[in-house]
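>>> Quick one, fold the following:
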Amino acid sequence: MMMTGKREVREGALRQRRAIPQEKVKMLSRAVEVNVTSLLEFSDASTIAAYVAKPDEVQTAGILMEAISRGKRVIVPRADPSSRKMTFHQVDSLGDLRRGTFGVLEPPPQADAVPLSESQLVLVPVVAWDEGGQRLGYGKGYFDRELKSRGMAVSTGLAFESQRRGRLPSSPYDVRLDMLVTERGVRRFRRVTRAG
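Sure thing, here's the model as predicted:
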């Protein structure tokens, strides 16, 4: 049996997620937030990298505010479509964010850039996931490219249980998650390091 391609899985998963009513997204996101902020990795991190959520994703505003209130350094991404690269910048308040690439809130250009390797925890958006720690994103590769430079930081996908799929198609460029947090709990995966 031929494995469904990434595009079909992505489109199906996005369709399904976008159909979740906004109130339910908020409720499920709150459960994910509680699970994330209860992690030892969250408590121990001095720098946390996190995406700023679109309306249908697991919402991260509460997590970001909690991290800032605990005195942690918070860094969030800016995407550069011309280079297809992403950089992380420090924000001290969610009020610092401005509408940017792809309609997502981003830090302003003058915000201090911080290498991802200086973080201890990286919160990653997920379109679909499987029990092996494979993540499907939006297909542009921004996070996969940047995660390769995360050093010892724990890459943690935030997702809803309904985004789980059977074994996802993958390519050598994909970076598996170290951990995944949903409304039901936490899954940890063994980090795979490739030589070279």
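>>> how deep is Arg150 tucked in, by neighbour count?
Residue crowding around Arg150 was assessed by other C-beta atoms under 10 Å; the count is 21. C-beta: built from backbone N, CA, C; applies to glycine.
>>> That one and Gln120 touch, don't they?
No - at 9.7 Å, Arg150 does not count as touching Gln120 under the criterion of C-beta atoms under 8 Å.
>>> where does the protein have low pLDDT?
For the chain, residues meeting the criterion pLDDT under 70 lie at 1-4, 191-196.
>>> Sketch out the helices for it, chain order is fine.
Using DSSP state H, the helices found in the chain span residues 6-18, 22-37, 40-44, 61-69, 142-147.
>>> Tell me the buried residues in the fourth one?
For helix 61-69, burial by neighbour count (16 or more other C-beta atoms under 10 Å) applies to 62-64, 66-68.
>>> Closest to Phe189 out of those residues?
Using C-beta to C-beta, Ile63 is the member of those that lies nearest Phe189, at 20.4 Å.
>>> Which residues does the spatially most central residue of the chain form beta bridges with?
Nearest to the mean C-alpha position of the chain, counting by C-alpha atoms, centre = their mean, stands Val124 at 1.2 Å. Taking DSSP bridges, one obtains Gly157 as the residues bridged to Val124.
>>> That one: what's it in contact with?
For Val124, the contacting residues are 51, 135, 137, 143, 147, 155-158, 177, by C-beta atoms under 8 Å, 6 or more residues apart in numbering.
>>> how much space between it and Gln110?
Between Val124 and Gln110 the computed distance is 25 Å (C-beta to C-beta, to the nearest Å).
>>> Distance check, Gly100 against Leu28.
According to C-beta to C-beta, Gly100 stands 26 Å off from Leu28.
>>> the more surrounded of these two?
Ranked by neighbour count (other C-beta under 10 Å), Gly100 and Leu28 place Leu28 first, with 20 against 17.
>>> Based on its surroundings, how many neighbours for the nearest residue to that one once chain neighbours are set aside?
The shortest distance from Leu28 to any residue other than its chain neighbours is 4.6 Å, reached at Glu183 (C-beta to C-beta, 6 or more residues apart in numbering). For Glu183, the tally of surrounding residues (other C-beta under 10 Å) stands at 19.
>>> Confirm for me that Glu183 is in contact with Ala31.
Yes - with the criterion set as C-beta under 8 Å, Glu183 and Ala31 qualify as a contacting pair; they are 3.7 Å apart.
>>> All the strands of this structure, residue numbers only.
For the chain, the strands defined by DSSP state E occupy 47-50, 73-80, 85-91, 98-99, 105-106, 121-125, 128-129, 135-136, 154-158, 179-182, 185-188.
>>> Neighbouring strands of the last one in the sheet, and parallel or not?
Meaning strand 185-188. strand 179-182 (antiparallel).
>>> now the longest one
The sheet places strand 73-80 alongside strand 47-50 (parallel), strand 85-91 (antiparallel), with pairing taken from DSSP bridges.
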